[in-house]
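*Asks:* Below is the sequence, then the predicted model.
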Amino acid sequence: MNYRINGKGVYLLFLIITTAVYQLKAQVVTLDYYFNHEVHTNAAGKQQRYHYLWNEAQDSGYSIWGDAFKKHGATLDTLAEAPTTANLKKSAVYIIVDPDTKKESPKPNYISKGDVSVIEKWVKNGGVLVMLANDSANVELLHFNTLAAKFGMHFNNDLQNHVINDAHFNDGAIVTKDNPLFKTAGKIFMKDVCSITIKGKAKAALKKDNAIIIATAKFGKGTVLAVGDPWLYNEYTNGRLPSGFENDKAADDISAWLLKQVPDVN
């Protein structure tokens, strides 16, 4: 029996195959909503989750960074419970940002030894982990560092790039031109961050003076990116920074770099 496929049939077949290939290669970027779980009372008087959310368009959200990931073909997801082998399985990139202190949450979910074990194995098998800290007054570093230590990193209890007020933006400037992490951004703004100490296979990816601000590590089949601040939230990526700062471009650069680290997709 002979089958003939006309022009429309060929196009439909091409579309089906292309869609299938895209779905196979689509990378899921998962943002933690468990270790950082800040809640406030909204205008209606109800308790509402906020701070570093994909769908949060306010200055405190990550909607612009999320759009950058989507621009590069990724799918966004969230994880509102402790990481497990099962619930991390579909994620190509897992982002943990600014774990809560008791000041931010009455019952913070600290990173446990079990959490560290699960995440370590996930990275070793090819996961791309992003750890975003903060200045030591605004992040829970003790337990976060038990995770960072597995990859030769340690977030320090210090304050770098201190910016007094908006009249001193240049105190938060970091030159990123010709840095492999930043293909298009030449200068970024990063305010009140902690530095990172490295050992073993961890490497300094960005420094300000002698302080390491961003570090990377290869671990098994996976990759780890550590930053001393949650700096890619909307307040600093929405184009409102003074001329010369390119955090919006940096969000795109970092997204592209992270996705390129995912095994078998490059």
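*Replies:* Okay, I see it.

*Asks:* And the top strand by length along the chain, what's buried?
*Replies:* Among the segments of the chain that qualify as a strand by DSSP state E, the longest is strand 211-219. Buried residues in strand 211-219, counting neighbours by 16 or more other C-beta atoms under 10 Å, are found at Ala211, Ile212, Ile213, Ile214, Ala215, Thr216, Ala217, Phe219. Placement of C-beta: from N, CA and C, glycine included.

*Asks:* What pairs with the helix or strand just after it, parallel or antiparallel?
*Replies:* As assigned by DSSP states H and E, the chain's next helix or strand after strand 211-219 is strand 222-227. Here strand 222-227 has these sheet partners by DSSP bridges: strand 128-132 (parallel), strand 211-219 (antiparallel).

*Asks:* Let me have these in CSV, extended by distance to Arg240.
*Replies:* Supplementary listing: these in CSV, determined by distance: least, C-beta to C-beta, whole Å:
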stretch, distance to Arg240
strand 128-132, 21
strand 211-219, 22
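
*Asks:* closest to Arg49 out of the ones you listed?
*Replies:* Proximity to Arg49 (C-beta to C-beta) singles out strand 128-132 among the strands paired with strand 222-227, at 17.7 Å.

*Asks:* on that earlier part again, adding pLDDT and distance to Ile174, write the buried residues of strand 211-219 out as CSV.
*Replies:* Listed next are the buried residues of strand 211-219 as CSV, based on pLDDT from 0 to 100; distance: C-beta to C-beta, whole Å:
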residue, pLDDT, distance to Ile174
Ala211, 97, 10
Ile212, 98, 12
Ile213, 98, 7
Ile214, 98, 9
Ala215, 98, 14
Thr216, 98, 16
Ala217, 98, 20
Phe219, 98, 25
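
*Asks:* Out of those residues, the closest to Lys124 would be?
*Replies:* The closest of these to Lys124 turns out to be Phe219 (C-beta to C-beta; 6.0 Å).

*Asks:* so who does that closest one touch?
*Replies:* Phe219 makes contact with Glu120, Val123, Lys124, Lys150, Phe151, Lys201, according to C-beta atoms under 8 Å, 6 or more residues apart in numbering.

*Asks:* And Ile196, by the same measure?
*Replies:* Residues in contact with Ile196, defined by C-beta under 8 Å, 6+ apart, are Ala148, Met153, His154, Phe155, Asn156, Ala204, Ile212, Ile213, Ile214, Ala215, Ala226, Gly228.

*Asks:* Please identify which helix or strand holds the third one.
*Replies:* The one in question is His154. Using DSSP H and E, His154 falls in strand 153-155.
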